[in-house]
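*Asks:* Quick one, what's the 3D model for this:
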Amino acid sequence: MLVGSEETEALFEADIAEMGMPEIPVAEALARLLDAPLIMPQVSRLVCDCNRPHGSAGATPARSEIYEIPGNRDLTLEQREARARRFYEPFREAVDRTLRHRLQSCGAAILVTIHSFTPIFKGKARDIQLGILHDADSRLADAVLEIVEKEAGLIVGRNQPYGPEEGVTKTLRFWLSGFYCPNITIKHGSIWMDKLRSC
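*Replies:* As a prediction, this is how the structure comes out:
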């Protein structure tokens, strides 16, 4: 058990312990619009964050924002690696298979990852509503930002509220090295999620 019942309720209310729940409607809507396959981790990011480096402390945080995660406290490297093998590896293999299939059948592919962020972090309101994240390859991010900044009517940030220095583009970097396909991460708040729910 990672946290107690009262802590669990607080974490879900703060959008910290979600198992992809805030992302599901956004990801499903985009998958329909793009006629694209959708792959989602099957566990809360507090158990294993599949967007963080394999087996790292950041993938199994002992603390998230202001909340302690007792079940992640003092994990050994072996325990973190075991989590990664159980939860991250199946996710990685599914993405790998899908990208290979798309490249073989269509000749091209793009990779879009979806994540949510809390509108308030450590008591301070975020100053963006939508973040477009990229690593070294900014091709797709540049194109998306050009459109979104003109048409979405939202406050948009490049590599905000997190960027490559926090390790959140690890997924993009990993598959870029193997497939070299255009890629972005979309970080969204609740406003954008509400817009896409009607798609």
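
*Asks:* contacts and neighbour counts: CA atoms only from here.
*Replies:* Fine.

*Asks:* measure stretch 95-114 end to end?
*Replies:* 14 Å (CA to CA, to the nearest Å).

*Asks:* Give me the pLDDT for the closest residue to I66 other than its chain neighbours.
*Replies:* Nearest residue to I66, sequence neighbours excluded (CA to CA, 6 or more residues apart in numbering): K122, at 6.6 Å. Predicted confidence (pLDDT) for K122: 72.

*Asks:* Tell me how many other residues crowd K122.
*Replies:* 11 (other CA atoms under 10 Å).

*Asks:* Pull out the buried residues from the helix or strand that contains E89.
*Replies:* Using DSSP states H and E, E89 maps to helix 89-106. The neighbour-count check on helix 89-106 (16 or more other CA atoms under 10 Å) flags F91, R92, V95, T98, L99, R100 as buried.

*Asks:* what do you get for stretch 138-154?
*Replies:* L140, A141, L145.

*Asks:* Just the CA coordinates for that stretch, please, in PDB.
*Replies:* What follows is stretch 138-154, C-alpha atoms only, in PDB (Å, rounded to 0.1, in the frame of the first residue of the first chain):
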ATOM      1  CA  SER A 138      11.400  20.500 -32.000                       C
ATOM      2  CA  ARG A 139       9.900  19.900 -35.400                       C
ATOM      3  CA  LEU A 140       6.500  18.800 -34.300                       C
ATOM      4  CA  ALA A 141       6.400  21.100 -31.200                       C
ATOM      5  CA  ASP A 142       7.200  24.100 -33.400                       C
ATOM      6  CA  ALA A 143       4.300  23.300 -35.700                       C
ATOM      7  CA  VAL A 144       1.800  22.500 -32.900                       C
ATOM      8  CA  LEU A 145       2.800  25.700 -31.000                       C
ATOM      9  CA  GLU A 146       2.200  27.800 -34.100                       C
ATOM     10  CA  ILE A 147      -1.300  26.500 -34.400                       C
ATOM     11  CA  VAL A 148      -2.300  26.300 -30.800                       C
ATOM     12  CA  GLU A 149      -1.000  29.800 -29.900                       C
ATOM     13  CA  LYS A 150      -3.300  31.300 -32.600                       C
ATOM     14  CA  GLU A 151      -6.400  29.100 -32.300                       C
ATOM     15  CA  ALA A 152      -6.700  27.400 -28.900                       C
ATOM     16  CA  GLY A 153      -7.500  30.500 -26.800                       C
ATOM     17  CA  LEU A 154      -5.300  29.100 -24.000                       C
END
